[in-house]
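Participant: dropping the sequence and predicted coords here.
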Amino acid sequence: MRHLLSLPRLASRAFGTTVRQMKNKVPDCQKVFLEDNGLPVHLKGGTTDVLMYRLTMAITVAGTGFSLYWLLFASFPKSKA
């Protein structure tokens with residue numbers, strides 16, 4: 001029961017005693033994404049964005065080709081020879 005009664009005191013001390021000054025990084029990121037360099041937004045993040053985009057496109061094309069192959073394979077009847 002004592003632990004429950006001391007909880008508000010601990011919570012106020014935890015939030016009130018330490019102050020960390022953190023630099024706001026949002027304006028820096030906004031500058032990168034708002035500059036007009038001809039790139040689409042989904043590629044402005046750098047090398048990782050380009051690699052993820054290309055990997056996604058490769059998986060999409062491979063999956064579409066695989067699906068079309070099996071659709072074509074299933075559309076022709078098997079010969080009973």
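Facilitator: Okay, I see it.
Participant: alpha carbons of stretch 51-61, as PDB, please.
Facilitator: Extracted C-alpha coordinates of stretch 51-61, given in PDB (Å, rounded to 0.1, in the frame of the first residue of the first chain):
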ATOM      1  CA  LEU A  51      17.600   0.300 -52.600                       C
ATOM      2  CA  MET A  52      14.200  -0.400 -50.900                       C
ATOM      3  CA  TYR A  53      12.400   1.000 -53.900                       C
ATOM      4  CA  ARG A  54      14.300  -1.200 -56.400                       C
ATOM      5  CA  LEU A  55      13.900  -4.200 -54.200                       C
ATOM      6  CA  THR A  56      10.200  -3.600 -54.000                       C
ATOM      7  CA  MET A  57       9.900  -3.200 -57.700                       C
ATOM      8  CA  ALA A  58      11.900  -6.400 -58.400                       C
ATOM      9  CA  ILE A  59       9.700  -8.400 -56.000                       C
ATOM     10  CA  THR A  60       6.600  -6.900 -57.700                       C
ATOM     11  CA  VAL A  61       7.800  -7.700 -61.200                       C
END
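Participant: can you list contacts of that stretch?
Facilitator: For stretch 51-61, contacts defined as CB atoms under 8 Å, 6 or more residues apart in numbering pick out 42-43. C-beta here means a position set from N, CA and C on the backbone, and glycine is covered the same way.
Participant: please redo it, this time with the cut-off set to 10 Å
Facilitator: With contacts defined as CB atoms under 10 Å, 6 or more residues apart in numbering, stretch 51-61 is touched by 40, 42-43, 45.
Participant: run the chain-centre distance for that stretch.
Facilitator: 14 Å (CA atoms, centre = their mean, to the nearest Å).
Participant: I'd like the average pLDDT over that stretch.
Facilitator: Averaging pLDDT along stretch 51-61 yields 97.
Participant: just for this structure, where's the confidence low?
Facilitator: In the predicted model, the chain carries pLDDT under 70 at residues 2-7, 10-19, 81.
Participant: kindly recompute the last result at 80.
Facilitator: Applying pLDDT under 80 to the chain flags the ranges 1-20, 80-81.
Participant: lovely, talk soon.
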